[in-house]
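1. Next comes the sequence, and after it the predicted model I'd like to discuss.
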There are 2 protein chains.
Amino acid sequence: MTGSGIKAGSQHQQGVTRLESQDLRNAGLKVTAPRLKMLELLEKAEGRHLTAEAIYRLLLDAGEEIGLATVYRALTQFEAAGLVTRHHFEGGQAVFELERGPHHDHIVCIHCGRVEEFFDEVIEKRQRSIAEKLGFELRDHTLTLYGECNTPSCKNKSTKS
Amino acid sequence: MTGSGIKAGSQHQQGVTRLESQDLRNAGLKVTAPRLKMLELLEKAEGRHLTAEAIYRLLLDAGEEIGLATVYRALTQFEAAGLVTRHHFEGGQAVFELERGPHHDHIVCIHCGRVEEFFDEVIEKRQRSIAEKLGFELRDHTLTLYGECNTPSCKNKSTKS
DNA sequence: TATAAGATGAGAACTATTCTCAATAAAAGA
DNA sequence: TCTTTTATTGAGAATAGTTCTCATCTTATA
């Protein structure tokens, strides 16, 4: 959607793959082709949020032989290992993104689905004090803003409703 | 938030029912037994978050004759009418709560599932300016904190994992 | 290499939710 | 009040997203 030209080519081979292999080993997972392919794909997606189905299709389209079950399984494992984050935006399907850098929240366009990320220390701090005040030990949070974005390619598109 | 002992008795009859009837009419919905029963139940739940399934079971247990499809349908209509809010906390099932007062966010215990509500103007304000800065017209948001609560009845319970 | 532990793909199974449809009940009109 | 119109209902089928099962195949290890 954004357009930082990412193609399904095969630029990075060994170097990246090695890093990814290490990620897998660190997570106690065997280094297998499906997993590496998935990590590569997520890497190339550069922060875009993909559904399991999308990952599956992209890999199939790229000529990989992979099963949907494997995609789901791997994503769950990656999540447990802290390699990816799973989000439940509106609309049933979970989306996944590679965990790069620390934490951030999201704003999603209700028309075109575009997702931007942000981080705000004021909000973070506030959350901590709210949790404390209410007698909770904060472990996690999800903050998602929904709005209408201003990209020219957006407004035209129909809403889900 | 408060925790005043709510029992599944049948205290309020006519008075409340009339208010609820009006809510339905205002929403352009016919006043029917299933809908009234659902609103009554949500009313009695005083802010607790119920799944569609839970509402269905509670009504069955209370001797009402109702179908699960009706519950889902009505909840969707109530939501469209602004009578209830739907939340997607972790775990697949959506939960519903009667819309009372203005807006608030939630903190959920990852052990016992207890939900508390809060409102924080600083966070709200911050969200608005973030949206603006990123070129979005803010329409909605969800903020849910996850933590471990301090109620004695909680820590013992097992985590979902 | 041979072996054991893990991972895989395909499809069945499952869960949450929505849809279909004939029967029914509520609002509106006479 | 009786009738007509139209929305609503319950039951079960259907769907979407995800997880499970299992026989087969790979990876890491001896």
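-> Alright, I've got the coordinates.
2. Show me what from chain A comes close to chain B.
-> A:88, A:90, A:107, A:109-110, A:116, A:118, A:120, A:122-123, A:126-127, A:130-131, A:134-151 (Cβ under 8 Å from any Cβ of the partner chain). (C-beta placed from N, C-alpha, C; glycine too.)
3. Sort out for me which of these are in strands.
-> A:107, A:109, A:116, A:118, A:136-149 (DSSP state E).
4. wait, what's in contact with A:S153?
-> By Cβ atoms under 8 Å, 6 or more residues apart in numbering or on different chains, the contact list for A:S153 reads A:C112.
5. Pull out the buried residues from stretch A:33-48.
-> A:34-42, A:44-45, A:48 (16 or more other Cβ atoms under 10 Å in any protein chain shown).
6. Any quick ChimeraX command for the buried ones out of the residues of chain A next to chain B?
-> The ChimeraX command for the buried members of the residues of chain A next to chain B (criterion: 16+ other Cβ under 10 Å) is given here:
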select /A:88,107,109,110,116,118,120,123,126,127,130,131,134,136,138,141,142,143,144,145,146,147,148,149
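7. Tell me the helix or strand right after the helix-or-strand element of chain A with minimal mean pLDDT.
-> Every helix and strand in chain A was compared by mean pLDDT, DSSP states H and E; the lowest is helix A:14-26, with a mean of 81. The helix or strand immediately downstream of helix A:14-26 is helix A:33-44, counting by DSSP states H and E.
8. Touching that next one from outside, list them.
-> For helix A:33-44, the external contacting residues (Cβ under 8 Å, 6+ apart) are A:6, A:8, A:12, A:16-17, A:20-21, A:23-24, A:29, A:50, A:55, A:58-59, A:62, A:64, A:66, A:70-71, A:74-75, A:78, A:83-84, A:96-98.
9. Would you mind checking these for buried ones?
-> For the contacts of helix A:33-44, buried by 16+ other Cβ under 10 Å: A:20-21, A:23-24, A:29, A:50, A:55, A:58-59, A:66, A:70-71, A:74-75, A:78, A:83-84, A:96-98.
10. which residue is nearest the middle of chain A?
-> In chain A, the residue lying closest to the centroid (Cα atoms, centre = their mean) is A:E97, at 1.2 Å.
11. That one looks like it's in a strand, true?
-> Yes - counting by DSSP: H, G, I helix; E, B strand; the rest coil, A:E97 is found in a strand.
12. Let me see the domain layout of chain A.
-> As assigned by automatic domain parsing, chain A contains the domains A:1-93, A:102-161.
13. so where's chain A shaky on pLDDT?
-> Within chain A, the stretches with pLDDT under 70 are A:1-17, A:155-161.
14. need the residues of it near DNA strand C, please.
-> Residues of chain A found near DNA strand C (Cβ under 7 Å from any atom of the strand) are A:29-30, A:32-35, A:65-70, A:73-74.
15. Show me which of the residues you listed is closest to DNA strand D.
-> Among these, A:A69 lies closest to DNA strand D (Cβ to the nearest atom of the strand), at 3.1 Å.
16. what's around that closest one, how many residues?
-> By the criterion of other Cβ atoms under 10 Å in any protein chain shown, A:A69 has 10 neighbours.
17. Next, the angle helix A:33-44 makes with the helix or strand hosting it.
-> Using DSSP H and E, A:A69 falls within helix A:68-80. Following axes from the mean of the first three to the mean of the last three Cα atoms, to 10 degrees, one obtains 60 degrees for the angle between helix A:68-80 and helix A:33-44.
18. does helix A:68-80 come close to DNA strand D?
-> Yes - Helix A:68-80 is in contact with DNA strand D by Cβ under 7 Å from any atom of the strand, via A:68-69, A:72, A:76.
19. how about those residues in CSV, adding distance to B:P102?
-> Below are these laid out as CSV (distance: Cβ to Cβ, whole Å):
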residue, distance to B:P102
A:L68, 43
A:A69, 44
A:Y72, 39
A:T76, 38
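20. Next, give me the two most distant ones among these.
-> Pairwise distances across those (Cβ to Cβ) peak at 12.9 Å, for the pair A:L68 and A:T76.
21. ok, the closest residue to A:P102 other than its chain neighbours - how many residues close by?
-> Nearest-residue entry for A:P102: A:F119, 7.7 Å, with adjacent residues in sequence omitted and distances by Cβ to Cβ, 6 or more residues apart in numbering or on different chains. For A:F119, the count of nearby residues is 12 (other Cβ under 10 Å).
22. ok, back up a step: how about the residue nearest to the centre of chain A: which residues does it bridge to?
-> A:E97 forms beta bridges with A:T85, as assigned by DSSP bridges.
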